[in-house]
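Colleague: Everything below, folded, please.
(2 chains)
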Protein chains: 2
Amino acid sequence: MKLTILGCYAATPRTFTNPTSQILDIKNRLFLIDCGEGTQVQLRKNKIKFSKINHVFISHLHGDHFFGLIGLISTFSLLGRNTDLHIHGPKGIKEIIMLQLRLSNSWTNYDLFFHELESTESQIIYEDDKVIVKTIPLKHRVYTNGFLFQEKIGERKLNIEAVQGFKIDSCYFQNIRNGKDILLDSGQIVENHKLSFDPVAAKSYAFCSDTSYNESIIKIIENVDVLYHESTFLQSEESLASKTLHSTAKEAATIALKANVKQLILGHYSTRYESIDLFKEEAQTIFPNVLLADDGKSFDL
Amino acid sequence: MKLTILGCYAATPRTFTNPTSQILDIKNRLFLIDCGEGTQVQLRKNKIKFSKINHVFISHLHGDHFFGLIGLISTFSLLGRNTDLHIHGPKGIKEIIMLQLRLSNSWTNYDLFFHELESTESQIIYEDDKVIVKTIPLKHRVYTNGFLFQEKIGERKLNIEAVQGFKIDSCYFQNIRNGKDILLDSGQIVENHKLSFDPVAAKSYAFCSDTSYNESIIKIIENVDVLYHESTFLQSEESLASKTLHSTAKEAATIALKANVKQLILGHYSTRYESIDLFKEEAQTIFPNVLLADDGKSFDL
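Modeller: Modelled structure (predicted):
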């Protein structure tokens, strides 16, 4: 799992900072999370292959999280895309995109699917053989979801030495990978754990932005490997955070602590502060494992 | 009159090129012409004062000419703008902007006026004491207008020496600037041209993008000082230009020649060519005074 931050600053795009957008690469599937203005240029700068993005997840309909989507959809067309594109986002996103395509008389030459979200309960919105994606209902000024990406537990790894020692035929290998015990010709049963190793632990990533401090998300994101949680403000602007339904770095860290996550990544910074290091310092007074998102930064999870 | 090119490349925003947008500064009024994705960042990079933009002119509803408008309108709000903003553009532009503001629950804290265009005849769409703006109906795949900006002829300049020589009281100065002759106490009439100089010649600028080769615009743009005419392609792609209702550099130059303009600026380049110098070379086989637009370039007209 690899996370690439395309943009992680609040409000408006600026000369050197970009609004929210990130690419999560899970086993070579690229998921685009949010799509602020300029996302397509950030994709180019970070050398992300446009054609590998098949699913876009939009947290909410504030401009700094979706104004780049119509441009990306149009550019996909100009690049001759022909594979399906799925947009998961709040109700209304379809109307916004379709109106602009209709008025510009420019239809896509690929199939565009909208999966509009309205539920205020966590739900599975995507699943394949490797990954499950669930919504994380957040508290913000408009209807907002975070997203929880969970790898599925993979196959067990063959212990080649043991398998050869028992002279087991290769036609049984898939059964071993699937966790089955093996009955030898001699009548002896060999337990699976003697023939295979545990699969690589399945990783999980939770994206939570934008949101006020909200303990009701803890049960959904409990024990995740990596939590990206917005921290628009510092505690010195706590009342502003509370008024605008954003979080402070300390609040983000408190959620990380209570949800027992392994790693916290902060982002969605207001540009009012001199240095983003201040966010890390504040969060670490509560929770030690804090990293700072920044535009163009990648994290191997 | 000063023209600043924020973006002048066709199709999609790229790492180092931007879609169409330009700022025309006429006597300290800033007019924004088109607003592709990333325009607000280009405004920042070029140190254009956001608050001085009160009128935006959108040529047509293809994404590379207006996808940045909703972001700019939102940013104006975040920056605390309180002066009116006027958007002049094709019918539909209001619905696109209002839908997105409504769904993001973010209203502007300034008054936003839409002046939607539907006419296929040239018309005056803006006028104040210094400037007139007229549409230039263009031929493209959707309803499109170029825009003609004409300075009004200013006041005559006082000839201080002559005025002092005739001992004319300062209360007559405005009359002299307005072109009136003066009756002296002696009964002598002094003709205005002896008391004042001709005003600075009024400049004009025509923006024509996107459009196919279209001789019907010649009568509207005749004798302008500067013509910006799209040249998406070279003659080698003439059939593609004709199919997509774009122009070649040679066609742009032919319009410049037939309209007897003083200066041609080329832009809206396809990124398929190795160098934009090729556009200038081709145009200059027809018309000598050719300049190349480029992102971040300014022209004192």
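Colleague: Could you double-check that residue A:88 lies in contact with residue A:54?
Modeller: No - contact between residue A:88 and residue A:54 fails when scored by CB atoms under 8 Å: they sit 11.2 Å apart. Bear in mind the C-beta positions are built from the backbone N, C-alpha and C, glycine included.
Colleague: which one of the two has more residues nearby?
Modeller: Remark: of residue A:88 and residue A:54, residue A:88 carries more neighbours, 23 against 15, as counted by other CB atoms under 10 Å in any protein chain shown.
Colleague: And residue A:205, its phi and psi?
Modeller: Per-residue torsions, residue A:205: phi -140, psi 130 (degrees, to the nearest 10).
Colleague: can you give me the helices in chain A?
Modeller: A:39-45, A:63-66, A:69-78, A:93-103, A:160-165, A:173-177, A:218-221, A:238-244, A:249-258, A:277-284 (DSSP state H).
Colleague: dump the residue contacts of the residue in the stretch 151-300 of chain A positioned nearest to chain B.
Modeller: For the stretch 151-300 of chain A and chain B, the shortest gap (CB to the nearest CB) falls at residue A:271, measuring 10.7 Å. Contacts for residue A:271 were tallied using CB atoms under 8 Å, 6 or more residues apart in numbering or on different chains; they are A:9-11, A:14, A:17.
Colleague: Farthest-apart pair in those residues, please.
Modeller: Farthest-apart pair in the contacts of residue A:271 is A:10 and A:14; separation 10.6 Å (CB to CB).
Colleague: which ones are touching residue A:72?
Modeller: Contact analysis of residue A:72 by CB under 8 Å, 6+ apart lists A:35, A:39-40, A:43, A:56.
Colleague: check the contacts of residue A:271 against chain B, which are close?
Modeller: Applying CB under 8 Å from any CB of the partner chain to the contacts of residue A:271, one finds that A:11, A:14 fall near chain B.
Colleague: could the contacts of residue A:271 go into JSON lines alongside pLDDT, distance to residue B:275 and neighbour count?
Modeller: Putting these into JSON lines (pLDDT from 0 to 100; distance: CB to CB, whole Å; neighbours: other CB atoms under 10 Å in any protein chain shown) gives the following:
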{"residue": "A:9", "pLDDT": "98", "distance to residue B:275": "35", "neighbour count": "24"}
{"residue": "A:10", "pLDDT": "96", "distance to residue B:275": "40", "neighbour count": "24"}
{"residue": "A:11", "pLDDT": "88", "distance to residue B:275": "38", "neighbour count": "21"}
{"residue": "A:14", "pLDDT": "92", "distance to residue B:275": "31", "neighbour count": "16"}
{"residue": "A:17", "pLDDT": "95", "distance to residue B:275": "32", "neighbour count": "18"}
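Colleague: got the end-to-end distance for stretch A:165-173?
Modeller: Using CA to CA, to the nearest Å, one end of stretch A:165-173 lies 14 Å from the other.
Colleague: right, and residue A:77 touches residue A:110 too?
Modeller: Yes - counting by CB under 8 Å, residue A:77 touches residue A:110, with 7.3 Å between them.
Colleague: The two - which one has more neighbours?
Modeller: Ranked by neighbour count (other CB under 10 Å), residue A:77 and residue A:110 place residue A:77 first, with 19 against 14.
Colleague: Distance-wise, check the closest residue to residue A:9 other than its chain neighbours relative to residue B:49.
Modeller: Closest residue in space to residue A:9, ignoring its immediate chain neighbours: residue A:17 at 4.0 Å, by CB to CB, 6 or more residues apart in numbering or on different chains. Residue A:17 sits 20 Å away from residue B:49, going by CB to CB, to the nearest Å.
Colleague: now swap in residue A:60 and tell me
Modeller: Taking CB to CB, one finds residue A:60 at 31 Å from residue B:49.
Colleague: Who has more neighbours out of those two?
Modeller: Between residue A:60 and residue B:49, counting by other CB under 10 Å, residue A:60 is the more crowded of the two (27 against 8).
Colleague: isn't that one right up against residue A:139?
Modeller: No - taking CB under 8 Å as the definition, residue A:60 is not a contact partner of residue A:139, at 10.9 Å.
Colleague: Residue A:94: how many residues sit nearby?
Modeller: 16.
Colleague: nearest spatial neighbour of it, skipping sequence neighbours?
Modeller: Of all residues not flanking residue A:94 in the chain, residue A:114 sits nearest, at 4.0 Å (CB to CB, 6+ apart).
Colleague: Show me what that neighbour bridges to in the sheet.
Modeller: residue A:87 (DSSP bridges).
Colleague: Residues of chain A that sit close to chain B?
Modeller: Within chain A, the positions near chain B by CB under 8 Å from any CB are A:11-15, A:37-38, A:40-41, A:44-45, A:61-63, A:67-68, A:70-71, A:74-75, A:78-79, A:90, A:92, A:95-96, A:99-100, A:103-106, A:141-142.
Colleague: filter the residues you listed to the buried ones?
Modeller: Buried members of these, scored by 16 or more other CB atoms under 10 Å in any protein chain shown, are A:11-14, A:37-38, A:40-41, A:44-45, A:61-63, A:67-68, A:70-71, A:74-75, A:90, A:92, A:96, A:99-100, A:103-104, A:106, A:141-142.
Colleague: what about residue A:282, how many residues close to it?
Modeller: Burial measure for residue A:282: 22 neighbouring residues, criterion other CB under 10 Å.
Colleague: got it, and residue A:169?
Modeller: Residue A:169 has 9 neighbours, counted by other CB under 10 Å.
Colleague: What are the phi and psi values at it?
Modeller: Residue torsions, per degrees, to the nearest 10, at residue A:169 are phi -70, psi 150.
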